[in-house]
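> Below are the sequence and a predicted model; questions follow.
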Amino acid sequence: MPRTPGGAGDGTAAVSARADGPLMSIGAVLSRLRDEFPEVTISKIRFLEAEGLVEPQRTPSGYRKFSAADVERLAYVLRVQRDHYLPLRVIREHLDALDRGEPVALPGPAESREVLDGSLEPEAAAVRLRIGREELLAATGADGDTLAEWESYGLVEAGGDGGYDADAVAIGRLVAELGAFGLEPRHLRAVKAAAEREAGLIEQVVAPLRRHRNPQTRTRAEASTRELAALAVRLHAAMVYSALRLRLD
């Protein structure tokens, strides 16, 4: 597979055709990528290689050696995962198109935010993003045991088809970031419980509207749900900050 796609045409940094310069070990590649992608790991780089998204050279003894173009290609993959929440299958198709010199269309930042903040209808969000277990691991930088622990505490849940949606990606990334500060999944059970209680309160408010015969009223229920959820998130954040100020003063 060629490893020198052209630009994405949407402001995303292109993968350069430059392949000169010294070859790098996987550790050197990790150091280069971590400035922009602090969550990246050697396991994630190996996974992307196993998925055919990058093809480093191999020494006679089997060590991987990456060119500058390989590093830029990895950065492209990580960037569109982070900014556009695309599954690897779609990213691979885009890379193949770029290798052929064809333009590709990526969802804009606003569309990506809509998927994560719930302003898209649930059905639209499911179409926009539905990924498998390995892709979720790559997107969050977690390993299989970590994901299993998240699931055991109900922090991340697969759908009925075994796939994961945009919420799972967002939650997984946040749980991983909190883990870097020493907060383990068992510590986050209270957060999960609070979220469930808040969702229950919102459901009580909008349930009568959802059951209404008038389609416009049911549509208003969806808008009210999103608005109430946004207000609940803002209230929760304000209360956390207030409680911290009182404890630290």
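Yep, it's here. Numbers count the residues shown, from 1 in each chain.

> So which bits of the helix or strand harbouring residue 240 are buried?
For residue 240, the host element (DSSP states H and E) is helix 215-248. Neighbour-count burial for helix 215-248, with 16 or more other CB atoms under 10 Å as criterion, is recorded at 221, 225-226, 228-229, 232. C-beta coordinates here come from the backbone N, C-alpha and C atoms, glycine included.

> where's that helix relative to the chain centroid, distance-wise?
Distance of helix 215-248 from the chain centroid (CA atoms, centre = their mean, to the nearest Å) equals 23 Å.

> Contact partners for the residue nearest to residue 81 when sequence neighbours are not counted?
Nearest non-adjacent residue to residue 81, counting by CB to CB, 6 or more residues apart in numbering: residue 139, 5.5 Å away. Each residue near residue 139 by CB atoms under 8 Å, 6 or more residues apart in numbering is listed here: 81, 85, 131, 169, 172-173.

> repeat that for 10 Å
39, 44, 78, 81-82, 85-88, 129, 131, 164, 168-170, 172-173, 176 (CB atoms under 10 Å, 6 or more residues apart in numbering).

> Only whichever of those are buried, select them in PyMOL.
Selection of buried members from the contacts of residue 139 for PyMOL, criterion 16+ other CB under 10 Å:
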select buried, resi 39+44+78+81+82+85+86+87+88+129+131+164+168+169+170+172+173+176
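
> so what secondary structure elements neighbour the helix holding residue 240?
In this structure, helix 215-248 makes packing contacts with helix 109-117, helix 189-210, judged by 3 or more CB pairs under 10 Å, 6 or more residues apart in numbering; DSSP states H and E.

> let's see 8 Å
Under the contact criterion of 3 or more CB pairs under 8 Å, 6 or more residues apart in numbering; DSSP states H and E, helix 215-248 touches helix 189-210.

> in the helix it packs on, what's buried?
Neighbour-count burial for helix 189-210 [16+ other CB under 10 Å]: 195, 198, 202, 206, 209.

> which residues sit against it?
Against helix 189-210 from outside (CB under 8 Å, 6+ apart): 153-155, 217-218, 220-221, 224-225, 228-229, 232, 236.

> which among these gets closest to residue 106?
residue 229 (26.9 Å; CB to CB).

> That closest one and residue 193: what is the separation?
With distances taken as CB to CB, to the nearest Å, residue 229 is found 17 Å from residue 193.

> lowest-confidence helix or strand of this protein?
Within the chain, no helix or strand scores below helix 122-128, which has a mean of 42 by mean pLDDT, DSSP states H and E.

> who's in contact with the residue lying farthest from the centre of the chain?
Farthest-out residue of the chain from its mean C-alpha position, per CA atoms, centre = their mean: residue 213, at 37.4 Å. By CB under 8 Å, 6+ apart, the contact list for residue 213 is empty.
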